[in-house]
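# From the sequence below, what's the structure:
(one chain, ligands or ions: 2)
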Amino acid sequence: MIDPFGRKISYVRLSVTDRCDFRCVYCMAENMSFLPKPDLLTLEEIDRLATVFIEKGVDKIRITGGEPLVRRDIMDLFRSIGRHLDSGALKELTLTTNGSQLPRFSKDLYAAGVRRINVSLDTLDEKKFARITRWGRLEQVLQGIEAALLAGLKVKINTVALKSINDDELDRMIKWCGDLGMDLTLIETMPMGEIDEDRADRYLPLSTVKDDLAKRWTLEDSSHQTGGPSRYMTIAETGQKLGFITPLSHNFCESCNRVRVTCTGTLYMCLGQQDAADLRTPLRASPDNALISDTIDEAIGRKPKGHDFVIERTGQAPSVPRHMSVTGG
Ligand code: SAM
Ligand code: SF4
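Ligands and ions are numbered 1, 2, ... in the order given. Reported below is the predicted structural model:
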């Protein structure tokens, strides 16, 4: 799959649910209404879609959400997509998780062929954690991370940089990640979906964060590239990588290799744009995959050149009305 700008699409992020056991302040409102269950793709349908994408040249799949590990029978999906790792058609099957369910699922994930996972964690302070996630318990996530490491999974921590909330904690997070052999990626808040507070109050440009960290840590340029919005440095003192995802202050679209599918089967060609294609209808219309394949080709032919996120002044609507939990992070 090659898009109109010559970019090869080899990476799909599949959201398996819009539900979550947390209510992170930058991601969701406290009272969210979720999709009716019949609108969701079944696990069998998600597996079929994954297979079509793999046949079309996708070699990396990330399962996300909402919280992917709260979807019932989710391990069946990991096992079934995992069969493409055995055949070599798929190079990587991974997920992004809040970590709460890792105590019970880490071993199964490893057995299904998952080797690396991203765990989202914004603070190591119990009170702040409760404030950010509203419903989460830090202890449970720390136990989840421990279980994942013990199971042999490589863990990368994703931290959203939040002004006046965790900006004073980043040194501690870098050290903690270094001690446990985990890479760390810092993310800027993105204007996606209505939430209860004003995002402009929390927006912390990572260029400032990086300059500040460079006063205390030796940040070396790293050649590590993912085709995504992360730019990586190596921290000489810990030997771990430090990534910066800066959708607002930098443009990373030239090398974009990915598309996203929501839990209802809507294909978004860009996280920051509204244009989308419905894959659920062709999926349910015929047992033959030709229809889905054609719909995907047509949609990739419309992949936009890039996004135009802006965090507007107070009171402005978000640039993208859908929440991150709909498209998946
Ligand atoms: N529940 C899982 C988790 O938290 O890792 C997976 C889904 S979550 C939507 C994926 C990532 O998106 C998380 O790292 C989260 O911090 C991030 N995220 C959510 N809303 C965001 C926003 N408005 N701006 C930036 N990152 C956001
Ligand atoms: Fe849930 Fe992840 Fe959104 Fe937090 S960021 S509310 S854990 S989906």
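# I figured residue 10 hits residue 54, correct?
No - contact status for residue 10 versus residue 54: not in contact, 10.2 Å apart, counting by Cβ atoms under 8 Å. Just so you know, the C-beta spots here come from the backbone N, C-alpha and C atoms, and that holds for glycine as well.
# Now look at stretch 230-242 and say if it contacts ligand 1.
No - Stretch 230-242 does not reach ligand 1 (Cβ under 6 Å from any ligand atom); its nearest approach is 12.1 Å.
# next one: stretch 83-103
Yes - Stretch 83-103 lies within reach of ligand 1 by Cβ under 6 Å from any ligand atom, at 96, 97, 98.
# tell me the contacts of the first one?
In this case it means residue 96. Residue 96 makes contacts with 62, 63, 64, 65, 68, 117, 118, 119, 120, 158, 328, 329, as judged by Cβ atoms under 8 Å, 6 or more residues apart in numbering.
# quick one: contacts for the fourth one?
Residue 65 makes contact with 15, 16, 17, 18, 19, 20, 71, 96, 263, 325, 328, according to Cβ under 8 Å, 6+ apart.
# ok, and the most crowded of the residues you listed?
Compared across the contacts of residue 65, residue 15 has the highest neighbour count, 30 neighbours, by other Cβ atoms under 10 Å.
# Identify the bridge partners of that residue.
Here residue 15 sits in beta bridges with residue 64, going by DSSP bridges.
# and the closest residue to residue 221 other than its chain neighbours, how far is that from residue 206?
Closest residue to residue 221 apart from its sequence neighbours, by Cβ to Cβ, 6 or more residues apart in numbering: residue 233 at 6.4 Å. Distance, residue 233 to residue 206, using Cβ to Cβ, to the nearest Å: 11 Å.
# Need the residues touching each of those two.
residue 244.
# Correct me if wrong, but the residue nearest to residue 221 is in a strand.
Yes - per DSSP: H, G, I helix; E, B strand; the rest coil, residue 233 lies within a strand segment.
# Now do the contacts for residue 307.
For residue 307, the contact set (Cβ under 8 Å, 6+ apart) comprises 247, 253, 270, 271, 272, 273.
# Kindly provide the distance from the closest residue in space to it that isn't next to it in sequence to residue 322.
Spatial nearest neighbour of residue 307, chain neighbours left out: residue 272 (2.5 Å); criterion: Cβ to Cβ, 6+ apart. Between residue 272 and residue 322 the computed distance is 11 Å (Cβ to Cβ).
# And residue 81, by the same measure?
Distance from residue 81 to residue 322, by Cβ to Cβ: 25 Å.
# repeat for residue 49
For residue 49, the distance to residue 322 equals 19 Å [Cβ to Cβ].
# What are the neighbouring residues in contact with the closest residue to residue 152 other than its chain neighbours?
Leaving aside its sequence neighbours, residue 152 sits nearest to residue 110 (Cβ to Cβ, 6+ apart; 5.4 Å). Residue 110 sits next to 151, 152, 153 when contact means Cβ under 8 Å, 6+ apart.
# is it fair to say residue 110 lies in a helix?
Yes - Residue 110 forms part of a helix when assessed by three-state DSSP.
# Show the pLDDT at it.
The per-residue pLDDT reported for residue 110 equals 98.
# Kindly report the same for residue 52.
98.
# so residue 201 touches residue 163, yeah?
Yes - judged on Cβ under 8 Å, residue 201 makes contact with residue 163 at a distance of 7.0 Å.
# Please identify which of the two sits among more neighbours.
Taking neighbours as other Cβ under 10 Å, residue 201 and residue 163 compare with residue 163 leading, 15 against 12.
# Skipping adjacent residues, who's closest to that one in space?
Of all residues not flanking residue 163 in the chain, residue 204 sits nearest, at 4.2 Å (Cβ to Cβ, 6+ apart).
# any idea how far residue 210 is from residue 223?
Where residue 210 is concerned, residue 223 sits at a distance of 18 Å (Cβ to Cβ).
# Give me the more crowded residue out of the two.
Neighbours were counted for residue 223 and for residue 210 using other Cβ under 10 Å; residue 210 has more, 17 against 6.
# what's residue 220 sitting at in phi/psi?
Main-chain dihedrals, residue 220, degrees, to the nearest 10: phi -110, psi 140.
# burial of the residue of the stretch 151-300 of the chain found nearest ligand 1, as a residue count?
Going by Cβ to the nearest ligand atom, ligand 1 is nearest to residue 190 of the stretch 151-300 of the chain, at 3.6 Å. Neighbourhood size, residue 190 [other Cβ under 10 Å]: 24.
# need the contact list for residue 93.
61, 63, 78, 81, 82, 84, 85, 112, 113, 114.
# Just the buried ones from those residues?
The neighbour-count test (16 or more other Cβ atoms under 10 Å) marks 61, 63, 78, 81, 82, 84, 85, 112, 113, 114 as buried among those.
# what's the third one in contact with, if anything?
Applying Cβ under 8 Å, 6+ apart, we find residue 78 in contact with 63, 93, 95, 108, 109, 112, 113, 114.
# about what we covered before: ok, residue 49 and residue 322, which is more surrounded?
More neighbours surround residue 49 than the other of residue 49 and residue 322, with 22 against 18 (other Cβ under 10 Å).
# The helix or strand harbouring that one - contacts with which helices or strands?
Using DSSP states H and E, residue 49 sits in helix 43-55. Packed against helix 43-55, as judged by 3 or more Cβ pairs under 8 Å, 6 or more residues apart in numbering; DSSP states H and E, are the following elements: strand 11-15, strand 60-64, helix 74-87, helix 280-285, helix 290-300.
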